[in-house]
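A.B. asks: test case, fold it:
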Amino acid sequence: MDTVAPVPLSRPLRVLMVALNFHPEPTGSGVYNGDLAFWLAERGHRVEVVTAPPHYPGWRRHPAYRYGRWMRERVHGVEVFRCPILLPSTPRGMRRIVFLASFAASAAPVALARARVLRPDWVVCVEPTLLSLPLGLAAARTARARLWYHVDDIELVAAATIDGMRAFAGAARGLYSALVARADVVSTITETMRERLVDLGARPERCRLVPRWIEPAGFDREAGMRLREQLGVPSEHPLVLYAGGMGAKQGIEQLAPLVECVEASTVRFVFCGNGPLRRLLDERLGGDPRVRLLDPLPDAEYRALMAAADVHLLLQRADTTVFCMPSKLSAMLATEGVIVAQAAAGSELARLLEGIAWVVEPGDVVGLATTVERAIAERAHPRDQTLEARRRLLAAWERRSVLARVEGEMVARVD
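C.D. replies: Here you go, the predicted structure:
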């Protein structure tokens, strides 16, 4: 139950969100976009969302939604407008650009129309996609509203690392800088990303840090052990878990070599998720008796699975770890499992995990396997300082405190 005191306000806020990803997507930014919208609605504010049909992380169509037409639904007190998209089976290169452009084109008339009808106090737009920035700015100007721009992933930085996209990233930088400077608030999930956004044109005094929050309740070890039994994993066998997206940027290609490097026959691996690289795991590991491959689970089962793990895997590619703060880390902190993470030396993620996790350089599969084996051997003897460091970070990312700060700033800037 929500125990945060109401924020004094003469009337409820009106909020229009423009976000590519939204509920019921089980992982990624859609989870947090949905949670913010639902939180504000539960607190009595009027919230509308312009979004796409669910498609992440599997890049597959959800049977309950239409992808070639506009839809309207009401979810947990939030009015949701779903806009058509051209959904690729593999989101790479030009196909990804066409996909993003299709959302921007179909969402633009809806966002502008809702801005005129709702007359929001705030327009909240989320990157990805960066195309939501000009759309959100136009909607805010239409309604004379304030613009809150939240950045989960700096797409210009990612584009600059991809062959064929560098020219686009360079050409788009000037326009991006001009637009992001006009946002009333720019928030992001790490200090490194905040600094980069300032470099890209965001005004320092308007930048905020909004970490990926976590609701710590529900990660029950007993429920986890019951789920282990259902999965056929004896309690005496160590369980190594990866749960999350299965795309290129998550370093999923390391999972099969990792399994092959860990020789102990008693170790069990559970890989839960979906994405473009899932089929590679099915092909390479589908016949291994030590491995279970699961599709994304409903929230209660997901929390039980996280609680069941003895060792959590936090994988990263070397070219993404500098700006990355994986959402799955929040859930790991709420469990008893040992965290084995890949993070580049000197990165914000590596500094954050000091004293909390076993850290390995990205791409080092042999080192990853060795560290997993060490973590399994010592999992029953966690250090007091490690547990305390995890508790402090978990408290800083606790859902109600983070969302209350967001709501409080919205209210303070309006009333």
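
A.B. asks: quick one: list the elements packing against the helix or strand hosting residue 99.
C.D. replies: According to DSSP states H and E, residue 99 maps onto helix 93-118. Judged by 3 or more CB pairs under 8 Å, 6 or more residues apart in numbering; DSSP states H and E, the packing partners of helix 93-118 are strand 14-18, strand 46-51, helix 132-143. Every residue, glycine included, has its C-beta placed from N, CA and C.

A.B. asks: dump the ones you listed into JSON lines; add distance to residue 221, mean neighbour count and mean pLDDT as well.
C.D. replies: Output for these, formatted as JSON lines (distance: least, CB to CB, whole Å; neighbours: other CB atoms under 10 Å; pLDDT from 0 to 100):
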{"stretch": "strand 14-18", "distance to residue 221": "36", "mean neighbour count": "26", "mean pLDDT": "98"}
{"stretch": "strand 46-51", "distance to residue 221": "35", "mean neighbour count": "26", "mean pLDDT": "98"}
{"stretch": "helix 132-143", "distance to residue 221": "40", "mean neighbour count": "22", "mean pLDDT": "96"}
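
A.B. asks: ok, which of these comes nearest residue 265?
C.D. replies: strand 46-51 (46.2 Å; CB to CB).

A.B. asks: whatever helix or strand comes next after the closest one: partners in the sheet, and parallel or antiparallel?
C.D. replies: The helix or strand immediately downstream of strand 46-51 is strand 71-75, counting by DSSP H and E. Each strand paired with strand 71-75, and its direction, by DSSP bridges: strand 78-82 (antiparallel).

A.B. asks: how about the strands in the stretch 301-415 of the chain?
C.D. replies: 311-314, 338-342, 358-360 (DSSP state E, counting those that start in this stretch).

A.B. asks: now do the longest one, average pLDDT.
C.D. replies: What it means is strand 338-342. Per-residue pLDDT over strand 338-342 has a mean of 94.

A.B. asks: where's that strand relative to the chain centroid, distance-wise?
C.D. replies: Mean C-alpha position of strand 338-342 versus that of the full chain (CA atoms, centre = their mean, to the nearest Å) differs by 18 Å.

A.B. asks: name every strand pairing with it and say which way it goes.
C.D. replies: strand 311-314 (parallel), strand 358-360 (parallel).

A.B. asks: okay if I get those as a markdown table plus mean neighbour count and mean pLDDT?
C.D. replies: Formatted as a markdown table, the strands paired with strand 338-342 follow (neighbours: other CB atoms under 10 Å; pLDDT from 0 to 100):
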| stretch | mean neighbour count | mean pLDDT |
| --- | --- | --- |
| strand 311-314 | 24 | 95 |
| strand 358-360 | 20 | 93 |
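
A.B. asks: wait, which of the ones you listed is closest to residue 125?
C.D. replies: strand 311-314 (28.4 Å).

A.B. asks: ok, residues contacting that closest one?
C.D. replies: 238-243, 255, 258, 306, 326, 328-329, 332, 335, 337-343, 357, 372, 375-376, 379 (CB atoms under 8 Å, 6 or more residues apart in numbering).

A.B. asks: in helices only, show me those residues.
C.D. replies: Secondary structure of these is defined by DSSP state H; positions in helices are 255, 258, 306, 328, 329, 332, 372, 375, 376.

A.B. asks: distance of the closest residue in space to the fifth one that isn't next to it in sequence relative to residue 152?
C.D. replies: With sequence-adjacent residues excluded and distances taken as CB to CB, 6 or more residues apart in numbering, residue 329 is closest to residue 314, at 6.1 Å. Between residue 314 and residue 152 the distance, using CB to CB, to the nearest Å, works out to 17 Å.
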